[in-house]
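[1] starting from these lines, generate the structure:
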Amino acid sequence: MHLPGHQRREDEESLLPSSPTGEFSRTSSPPAWRKSLRSVSPRAALWRALAFLKPSFLGRRSSTSDASEKSGAPAKKPYATEYLDGVRGVASLIVFILHWTHTPYPVVNSGWGYKDNRSFWLLPFIRLIYSGAAMVSVFFVVSGFVLSHRFIQRMHRREYNELFSGLTSLTFRRAIRLFLPAFASSTLAFLCACVGLVSVPKKVDGKPFHHSLNSYLEYLDMESNPWDWDADFSGFYNPQLWSIAVEFRGSMVIFLLLVGLAKTRTAVRLAVEGVIMAHSFGHRRWDVALFIAGMTLAELEVLLKKPKNPLARKLVNALLILTMILGLFLCGYPRDHNTATPGYVWSKYVWPLTAYRRRFWLAIGAILFVGPMVFFPSVQSFFLTRPARYLGRISFALYLVHGLGNRTIGKWLLSTCWAYIGKEGYWPYAISFVISTTLYFPIVIWASDVFWRGIDVPSTNFARWLEKKCAAPEGVR
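    Alright, predicted model coming up:
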């Protein structure tokens with residue numbers, strides 16, 4: 001389903017927000033920066049700094065959008081994968097909710113019905129609001145889909161020159177776009193540890209830990225190491241960023257498959273993807289399997305269309321809805337005591353028979369959730385709402401900053417509420433948590449917004465600038 005007229009999305013990268021238009025992109029030109037630095041006064045610099053700290057959603061809307069609303073002109077049609085920005089944003093928010101919730105309420109790691117766990121919040125489907133591990137799987141499926149979608153379209157149109165040109169550009173920029181913002185986030189955590197804003201643990205992952213520059217550099221090496229095929233590592237400075245190197249590795253697998261299968265027949269391409277996906281699952285490489293699943297879904301989205309017959313269309317829609325419901329149920333697979341939790345006991349008797357079962361069933365759930373959405377415009381429309389789109393823009397920044405926020409301002413707010421309200425008994429404990437969450441939530445969103453504009457967007461611009469500088473002129477090798 002190729003949508004013409006969307007070449008501006010040529011540089012879109014999954015899991016990473018697109019560069020904002022308007023004033024942010026206009027200020028990215030080096031000559032403009034140098035000119036403004038020469039002419040600005042201290043007072044104007046202060047006002048600019050304060051204006052920069054204002055959340056982007058409170059900024060003025062563009063004159064073109066205002067004019068189109070006043071004239072009654074139709075809204076601009078979303079590009080083919082824009083709804084996945086919203087999926088990514090909601091998923092990032094859920095990851096934040098899990099990391100904020102599971103320390104004061106460790107019971108969220110268990111499922112409803114295990115022993116005396118009868119809380120409403122532990123029920124299947126309800127627990128999706130904090131099923132962060134499942135959302136990481138959703139990230140990887142979305143990545144595989146968006147990274148490959150436009151290239152698969154070009155395969156079907158036999159636009160091989162454009163395909164390889166775009167793929168080399170995306171491959172060159174991928175590491176910079178992933179690791180540069182992640183390094184900035186980890187550097188902030190290191191500095192907070194240096195000044196005492198974050199308490200330094202004596203042990204990390206069961207091993208003695210000594211906070212130092214060497215420890216920080218060792219952490220950056222782990223954070224950016226795609227060669228270690230262990231999908232998890234624990235680090236003091238930003239432990240949730242284990243997924244960045246996994247994301248990079250999965251991206252490279254997708255790029256390799258796109259190059260190797262670009263000129264094969266569609267049936268061959270799908271067969272190879274299916275075999276590699278099954279092989280990856282079999283060898284516990286659930287992360288790689290999810291990227292390839294996203295690529296397969298992109299191929300199916302280009303190939304398949306819903307039947308025009310009303311009855312057949314209703315049957316297909318019913319099947320898609322049931323598949324999505326099953327996927328959401330599996331996305332609620334609990335971390336602890338899963339094989340003793342009502343609704344999930346069956347997983348004890350089917351492959352895989354080890355602790356790998358949790359990652360496997362979460363991965364299957366993510367595929368079954370994202371897959372039907374590709375063919376469901378009514379579901380896509382939810383993720384095209386303004387709140388979901390905004391979360392999509394700041395999603396990568398939210399993922400990068402929330403861990404440090406939880407351990408600094410979030411921890412302080414929760415401790416303060418406990419000190420004044422108390423934490424002995426159900427209601428004082430719950431009220432303290434609700435009040436601290438209400439105060440902390442907008443702070444995290446604001447910090448993510450600032451990080452997006454101050455670090456993430458400049459990283460995008462830097463990657464494109466560096467690519468342009470490194471590119472060989474025509475006729476030069």
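
[2] from here on, just use CA atoms for contacts and neighbour counts.
    Will do.

[3] the helices in the stretch 351-477 of the chain, which residues?
    With helices called from DSSP state H, counting those that start in this stretch, the stretch 351-477 of the chain shows them at 357-373, 377-382, 386-405, 411-421, 426-451, 457-470.

[4] what about residue 168, how many neighbours?
    Neighbours of residue 168 under the rule other C-alpha atoms under 10 Å: 12.

[5] picking that back up, can I get the helices of the stretch 351-477 of the chain in JSON lines including mean pLDDT, distance to residue 322 and mean neighbour count?
    Below are these laid out as JSON lines (pLDDT from 0 to 100; distance: least, C-alpha to C-alpha, whole Å; neighbours: other C-alpha atoms under 10 Å):
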{"stretch": "helix 357-373", "mean pLDDT": "96", "distance to residue 322": "9", "mean neighbour count": "24"}
{"stretch": "helix 377-382", "mean pLDDT": "91", "distance to residue 322": "13", "mean neighbour count": "14"}
{"stretch": "helix 386-405", "mean pLDDT": "95", "distance to residue 322": "24", "mean neighbour count": "24"}
{"stretch": "helix 411-421", "mean pLDDT": "94", "distance to residue 322": "40", "mean neighbour count": "16"}
{"stretch": "helix 426-451", "mean pLDDT": "95", "distance to residue 322": "34", "mean neighbour count": "18"}
{"stretch": "helix 457-470", "mean pLDDT": "93", "distance to residue 322": "39", "mean neighbour count": "17"}
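
[6] quick one: closest of those helices to residue 219.
    Among the helices of the stretch 351-477 of the chain, the nearest to residue 219 by C-alpha to C-alpha is helix 386-405 (14.9 Å).

[7] elements contacting the closest one?
    Packing contacts for helix 386-405, counted by 3 or more C-alpha pairs under 8 Å, 6 or more residues apart in numbering; DSSP states H and E, involve helix 82-101, helix 160-194, helix 426-451.

[8] what residue ranges in this protein are flagged as low confidence?
    1-40, 59-78, 230-234, 475-477 (pLDDT under 70).

[9] list the buried ones in the helix or strand that residue 268 is a member of?
    Element membership of residue 268 [criterion: DSSP states H and E] is helix 266-282. Using 16 or more other C-alpha atoms under 10 Å as the test for burial, helix 266-282 gives 266, 269-270, 273-274, 276-278, 280-281.

[10] any chance of the helices and strands packed on helix 386-405 in TSV, with distance to residue 349 too?
    Formatted as TSV, these follow (distance: least, C-alpha to C-alpha, whole Å):
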stretch	distance to residue 349
helix 82-101	28
helix 160-194	39
helix 426-451	37
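
[11] residue 132 is nearest to which of these?
    Nearest to residue 132, of all the helices and strands packed on helix 386-405, is helix 82-101, at 4.0 Å by C-alpha to C-alpha.

[12] what packs against that closest one?
    Here helix 82-101 touches helix 132-157, helix 386-405, going by 3+ C-alpha pairs under 8 Å, 6+ apart.

[13] and the angle from the longest one to helix 266-282?
    Helix 132-157 and helix 266-282 are oriented at 160 degrees to each other (axes from the mean of the first three to the mean of the last three C-alpha atoms, to 10 degrees).

[14] return the distance of helix 132-157 from the chain's centre.
    Remark: helix 132-157 is offset 12 Å from the chain centroid, using C-alpha atoms, centre = their mean, to the nearest Å.

[15] that one: which residues count as buried?
    By 16+ other C-alpha under 10 Å, the buried positions in helix 132-157 come out as 132-156.

[16] distance check, residue 132 against residue 331.
    Noted for residue 132: a distance of 9 Å to residue 331, by C-alpha to C-alpha, to the nearest Å.

[17] returning to that earlier point: and the helices of the stretch 351-477 of the chain: which comes nearest residue 221?
    helix 386-405 (16.7 Å).

[18] for the closest one, which outside residues touch it?
    15-18, 83, 85-90, 92-93, 95-96, 99, 181-182, 185, 189, 237-241, 382-383, 444-445, 447-449, 451-452, 456 (C-alpha atoms under 8 Å, 6 or more residues apart in numbering).

[19] tell me how far that helix lies from the chain's centre.
    With C-alpha atoms, centre = their mean as the basis, helix 386-405 stands 8 Å off its chain's centre.

[20] can I get the CA coordinates of it in PDB?
    Below are the C-alpha coordinates for helix 386-405, written out as PDB (Å, rounded to 0.1, in the frame of the first residue of the first chain):
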ATOM      1  CA  ARG A 386      -2.800  14.200  19.400                       C
ATOM      2  CA  PRO A 387      -1.700  12.800  22.900                       C
ATOM      3  CA  ALA A 388      -0.500   9.600  21.300                       C
ATOM      4  CA  ARG A 389       1.400  11.500  18.600                       C
ATOM      5  CA  TYR A 390       3.000  13.700  21.200                       C
ATOM      6  CA  LEU A 391       4.100  10.700  23.200                       C
ATOM      7  CA  GLY A 392       5.500   9.300  20.000                       C
ATOM      8  CA  ARG A 393       7.700  12.400  19.500                       C
ATOM      9  CA  ILE A 394       9.200  12.200  23.000                       C
ATOM     10  CA  SER A 395       9.100   8.400  23.300                       C
ATOM     11  CA  PHE A 396      12.800   7.800  22.900                       C
ATOM     12  CA  ALA A 397      13.600  10.700  25.300                       C
ATOM     13  CA  LEU A 398      11.100   9.400  27.800                       C
ATOM     14  CA  TYR A 399      12.700   6.000  27.700                       C
ATOM     15  CA  LEU A 400      16.200   7.500  28.200                       C
ATOM     16  CA  VAL A 401      15.400   9.900  31.100                       C
ATOM     17  CA  HIS A 402      12.700   8.300  33.200                       C
ATOM     18  CA  GLY A 403      15.200   5.900  35.000                       C
ATOM     19  CA  LEU A 404      17.300   8.800  36.300                       C
ATOM     20  CA  GLY A 405      14.100  10.800  37.200                       C
END
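
[21] related to what we said a few turns ago, which one, of the helices and strands packed on helix 386-405, ends up nearest to residue 314?
    Judged by C-alpha to C-alpha, the one of the helices and strands packed on helix 386-405 that comes nearest to residue 314 is helix 82-101, at 22.9 Å.

[22] using PDB, write down the CA coordinates of that closest one.
    The C-alpha trace of helix 82-101 is given here as PDB (Å, rounded to 0.1, in the frame of the first residue of the first chain):
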ATOM      1  CA  GLU A  82       2.500   7.300  11.400                       C
ATOM      2  CA  TYR A  83       0.300   5.400  13.800                       C
ATOM      3  CA  LEU A  84       3.300   3.400  14.900                       C
ATOM      4  CA  ASP A  85       4.800   6.600  16.300                       C
ATOM      5  CA  GLY A  86       1.800   6.600  18.700                       C
ATOM      6  CA  VAL A  87       2.200   2.900  19.400                       C
ATOM      7  CA  ARG A  88       5.900   3.600  20.300                       C
ATOM      8  CA  GLY A  89       4.800   6.500  22.500                       C
ATOM      9  CA  VAL A  90       2.200   4.600  24.500                       C
ATOM     10  CA  ALA A  91       4.600   1.700  24.900                       C
ATOM     11  CA  SER A  92       7.400   4.000  26.200                       C
ATOM     12  CA  LEU A  93       4.900   5.400  28.700                       C
ATOM     13  CA  ILE A  94       4.000   1.900  29.900                       C
ATOM     14  CA  VAL A  95       7.700   1.100  30.400                       C
ATOM     15  CA  PHE A  96       8.000   4.200  32.600                       C
ATOM     16  CA  ILE A  97       4.900   3.200  34.600                       C
ATOM     17  CA  LEU A  98       6.300  -0.200  35.300                       C
ATOM     18  CA  HIS A  99       9.700   1.200  36.500                       C
ATOM     19  CA  TRP A 100       8.000   3.700  38.600                       C
ATOM     20  CA  THR A 101       5.500   1.300  40.100                       C
END
